[in-house]
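Participant: need coordinates for the below:
(chains A and B)
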Amino acid sequence: MTRPSTLHLRFPLGQTLALALALVVVIAGMAEGAARLLLDGSDRPTAIGSENPTLDVKIGMLDRLDAEGGVDCIFLGSSVVLNGLDPAAFAVAFRTQTGTDITCYNFGVPALTAQSAGLLAELLVERYEPRLLVYGFTLRAVGERSAQAAEVYDSIADTPWVAYQRGEANAQGWLVEHSTLLRHYLAYRNWPHDDYTTWRAQFTDAPPDGYEPFLVTRPFDPATIETPSYFRAYALSPAELDGLETILALSDGTQVLLVEMPLPLFVLEMFDGGAAGYDALLSGEIGDLAAAYDVPLWTTSALDLIPAVGWAEDAHHVNHRGAQLLSRWLAEQVAQAITTGELAL
Amino acid sequence: MSIVSLAFAGYVLLVLAAYYALPRRPQNWLLLAASYGFYALWDGWLLGVLLALTAFNYLLAQRLAPAPTPPEIKGRQRGNRRLLWAGIGVNLAALGCFKYADFFAPEMNDLLDSLGITSSSVEIVLPVGMSFYVVAVIAYLVDVFRGQMPPSRDPVDFALFMAYFPKLVAGPVERARTFLPQLAAQRTVDNAALERSLALIAFGVTRKLVIADPLNSMIPAALFDDPGRYGALELWGYLLAYAFALYNDFAGYTSVVRGVSGLFGIELSRNFRLPYLARSFSEFWNRWHITLSHWLRDYVFYPTSRALLRRNPRRDNVPNLVLPPMLTMLASGLWHGPGWQMLAWGGLHGVYLVGEQMLALRRPVVPPGQQPLWRQAAATGVVFVLVLLAWVPFRCELPQAVNYWRGLADFSSLQRPTFRLAIVLIPALALDWMQRREELAVLGWPRLVQATLLALETLAIFLVLQADTGAPFVYGGF
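Facilitator: Numbers count the residues shown, from 1 in each chain, chains lettered A, B, ... in the order given. Alright, predicted model coming up:
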């Protein structure tokens, strides 16, 4: 006698599911074909579906720049770069010095530390093959990570497209890389959110060269600036130094340049050991690391490049005026370094 | 573990694989183990509450059943009635402790402080699904007491009735007299059952992910906290969105769990029948959260009504008209949560029902289906708008609810809600249209149409998921 069983299925089974699956492929294929016909080459924003909004916007912008003739140089870093280096001002000054045009893109991502920058640098160099990669940083980028910086790292590392670019197979990353339709849809994907209009504006209002200036700013008041906790008990972070080393290691095929982004003297004085302590940290382990990879490290704080009116009110970022000064200075230094052979572009 | 997650799908597949390989009795053991495992994953130590209530109710029911001979029946019934009330009391006290204690926590803390007792703040977490399994087990005790079913002699089956994982988190509120016989019988899953189950899952996932979550996500975060910031058109538009989000969230949940349960060969009750097409409030409550509504009808409304009619058999006697619906709907409000807002929601529905009964006294009652079409449409419109208004206190605190109601009549600002609501509301209506006559009429449609629908659902889910609108099921919180 056989035991009564629960399953009483007759075959064939699942034809509707199989047909539906086939239809998914057909419908998606047709939509993708239409998207390629209509959208390839258009200046509509695209996205990669990252939780990091800046990364989500900037890859699309860089892709567009790349399609229009390529990018010569990328400024990578945190908000100090995002607000501090103006590719247009840099290009003008560079042309004045060398007589040649240069196309730069500002890839500043708020709260980006060296470890996160390392992730991105590899990807950017491989994908866009810039001749020059400028990594702008303050000591904050290589110190112990804040919770916000850790979130930024996770938001970048967990982006399927980033993982796919770094060689990790995943369906979402593959689809984003190969589907025009999906890349365009992703720039609209948050339509079911109540703050969609604000979110979407990030794409429509994104500056083409990535630079986001502090346009209106009050002069800072040193009395109101709190000493950030990371300054008082500062220590270099091995994980962040590993990230920095990842960037430096790219100097094999691309000219890499480390630039210390300026901070006002009174902020440096908040460090243990004051400005001298800050300099010692910078020129010590970090300087040694740069030297080991034969990458120039240019410091700026001691140069007193930025006048009081060039700082944003938080005194940790330069404003638009300061950014113009800094970008021009950087372009002149790069031009001069090319002449002297310090930089090979 | 959300029931619309890959983790849950994996869990179900794992349990199914073992389930199909076992004979009936061990299948029940497996389901019980899987249910406790699921609950432990969800709510850790609170599994103890479920186990304690299971043991208590199992043992109590053995002593509740009426004895067979007439003299004994009389004697036992008195004893049983006390036991029944004790049983109901214990179950309600347990629910009250967890569900309503938080409501009184500030007063409790103040009292402890005033007595000079330093205590960490009182905070009690409601065990997931407790509101659902407590009402289900109360129905079981009453049914056993009334002799409508024998007490379950099988502790495993009874424990499974309490803990069955597809219905544990948010129902449906199953009756033991329909559920337990299914556990005692050999289950069968054939092609038709499989198709039905998968269709229910597909409908449910679509309702939750493509309709409910995006609608919820489009409602401005401050809408219910500060309704004064919005114009009347926005308030109406987003209230409509909330109503459809709530409906699709819960109907989607029920559809998924019924589908999952169908894969085990166990049928769970339907909870929704196009509620917003109701032409009267009594019809609405036969279409919305049907299993709870019927529970309230059978164990609150009818007993109250019968008790009042015994005192005064006149239908138009005011207490007979007012008390049963009011008590029933206030109980419904309390079941949903402590606080004045839920009482206001329940009270409003009570008033609607009383009003409807009073109107029915003044003219002969014509069943809605036999009324002219225009009248049915008008009735649907009126019922829908009044139900919408009642959702306001369901969603926000009373002072804000009053502001919200005021705002609905203030057309000084003509700011519109986002047109993107329509992207979701139109498919929501289409889904209801597909289910208007029969829940799974789609299974009778040509295969190509079914497959096209499924393909479109799959693509829609994929696209909506890119937005990360995921939210827990609303009724998971009750």
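
Participant: residue of the stretch 51-200 of chain A nearest chain B, please.
Facilitator: residue A:192 (3.4 Å; CB to the nearest CB). Where you see a C-beta, it was placed from the backbone N, CA and C, and this is true even at glycine.

Participant: tell me how many other residues crowd the nearest residue to that residue once chain neighbours are set aside.
Facilitator: Distances taken as CB to CB, 6 or more residues apart in numbering or on different chains put residue B:214 closest to residue A:192, at 3.4 Å, once the chain neighbours are dropped. By other CB atoms under 10 Å in any protein chain shown, 25 other residues sit near residue B:214.

Participant: try residue A:250
Facilitator: Neighbours of residue A:250 under the rule other CB under 10 Å: 20.

Participant: pLDDT below threshold where in the chain?
Facilitator: Since you didn't name a chain, this refers to chain A. A:1-4, A:216-220, A:225-232 (pLDDT under 70).

Participant: you looked at the wrong chain, it should be chain B
Facilitator: B:43, B:67-79, B:101-126, B:469-478.

Participant: for the residue nearest to the spatial centre of it, what are phi and psi?
Facilitator: For chain B, residue B:289 is the residue whose C-alpha lies nearest the centre (CA atoms, centre = their mean; 4.5 Å). Residue B:289 has phi and psi values of phi 40, psi 60 when expressed as degrees, to the nearest 10.

Participant: ok, it touching residue B:270?
Facilitator: No. With contact defined as CB atoms under 8 Å, residue B:289 and residue B:270 do not form a contacting pair (10.7 Å).

Participant: for the stretch 51-200 of chain A, what lies in contact range of chain B?
Facilitator: When proximity is defined as CB under 8 Å from any CB of the partner chain, the stretch 51-200 of chain A approaches chain B at A:51, A:185-186, A:189-194, A:196.

Participant: in PyMOL, how would I select just the buried ones from these?
Facilitator: Under the burial definition 16 or more other CB atoms under 10 Å in any protein chain shown, those of those that qualify are selected in PyMOL by:
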select buried, chain A and resi 185+186+189+190+191+192+193+194+196
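
Participant: residue boundaries of the strands in the stretch 151-300 of chain A?
Facilitator: Ranges of strands within the stretch 151-300 of chain A are A:255-260, A:297-298, based on DSSP state E, counting those that start in this stretch.

Participant: where is the longest helix in chain A?
Facilitator: For chain A, the longest helix by residue count, based on DSSP state H, is helix A:15-39.

Participant: next, format the residues of the stretch 51-200 of chain A next to chain B as TSV and append distance to residue A:335.
Facilitator: Putting those into TSV (distance: CB to CB, whole Å) gives the following:
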residue	distance to residue A:335
A:51	39
A:185	43
A:186	39
A:189	42
A:190	43
A:191	46
A:192	49
A:193	46
A:194	49
A:196	44
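
Participant: which of the residues of the stretch 51-200 of chain A next to chain B fall within helices?
Facilitator: Per DSSP H, those map to helices at A:185-186, A:196.

Participant: what residue is smack in the middle of chain A?
Facilitator: So for chain A, CA atoms, centre = their mean, it's residue A:107, sitting 4.0 Å from the centre.

Participant: for whichever strand or helix holds it, give me every contacting residue.
Facilitator: Using DSSP states H and E, residue A:107 sits in strand A:104-108. Strand A:104-108 has contacts (CB atoms under 8 Å, 6 or more residues apart in numbering or on different chains) with A:54, A:58, A:61-62, A:65, A:71-87, A:90-91, A:120, A:124, A:136, A:209-212.

Participant: show only the entries of these found in helices.
Facilitator: Members of these lying in helices (criterion: DSSP H): A:54, A:58, A:61-62, A:65, A:79-82, A:87, A:90-91, A:120, A:124.

Participant: I figured residue B:305 hits residue B:324, correct?
Facilitator: Yes. Counting by CB under 8 Å, residue B:305 touches residue B:324, with 4.2 Å between them.

Participant: looking at these two, which one has more neighbours?
Facilitator: residue B:324 (25 against 18).

Participant: residue B:414: neighbour count?
Facilitator: Residues contacting residue B:414 under the criterion other CB under 10 Å number 9.

Participant: just residue B:368 next, same as before
Facilitator: Neighbour number of residue B:368 under other CB under 10 Å is 16.

Participant: over to residue B:375?
Facilitator: 12.

Participant: quick check: it vs residue B:367, distance?
Facilitator: From residue B:375 over to residue B:367 the distance is 12 Å, taken as CB to CB, to the nearest Å.

Participant: so what's in contact with those two at the same time?
Facilitator: Contact criterion CB under 8 Å, 6+ apart; no residue bridges residue B:375 and residue B:367 by contacting each.

Participant: the residue in the stretch 201-350 of chain B that chain A sits nearest to in helix, strand or coil?
Facilitator: Of all residues in the stretch 201-350 of chain B, residue B:214 sits closest to chain A, at 3.4 Å by CB to the nearest CB. With DSSP: H, G, I helix; E, B strand; the rest coil as the basis, residue B:214 sits in helix.

Participant: got the contact list for it?
Facilitator: By CB under 8 Å, 6+ apart, the residues touching residue B:214 are A:192, B:423-424, B:464, B:467, B:469.

Participant: so residue B:137 makes contact with residue B:163?
Facilitator: No. Contact criterion CB under 8 Å: residue B:137 and residue B:163 do not qualify, at 10.8 Å.

Participant: quick one on the thing from earlier: the residue nearest to the centre of chain B - nearest residue in space that isn't next to it in sequence?
Facilitator: Counting by CB to CB, 6+ apart, residue B:271 is the residue found nearest to residue B:289 once chain neighbours are left out, at 5.8 Å.

Participant: name the helix or strand for the one you found, please.
Facilitator: Under the criterion of DSSP H and E, residue B:271 resides outside all helices and strands.

Participant: burial measure for it, as a count.
Facilitator: By other CB under 10 Å, the residues close to residue B:271 number 25.

Participant: look up phi and psi at it.
Facilitator: phi -110, psi -20.

Participant: now swap in residue B:162 and tell me
Facilitator: Dihedral angles phi and psi of residue B:162 (degrees, to the nearest 10) take the values phi -70, psi -40.

Participant: near chain A, which residues of the stretch 251-400 of chain B show up?
Facilitator: Checking the stretch 251-400 of chain B against chain A by CB under 8 Å from any CB, the hits are residue B:265.
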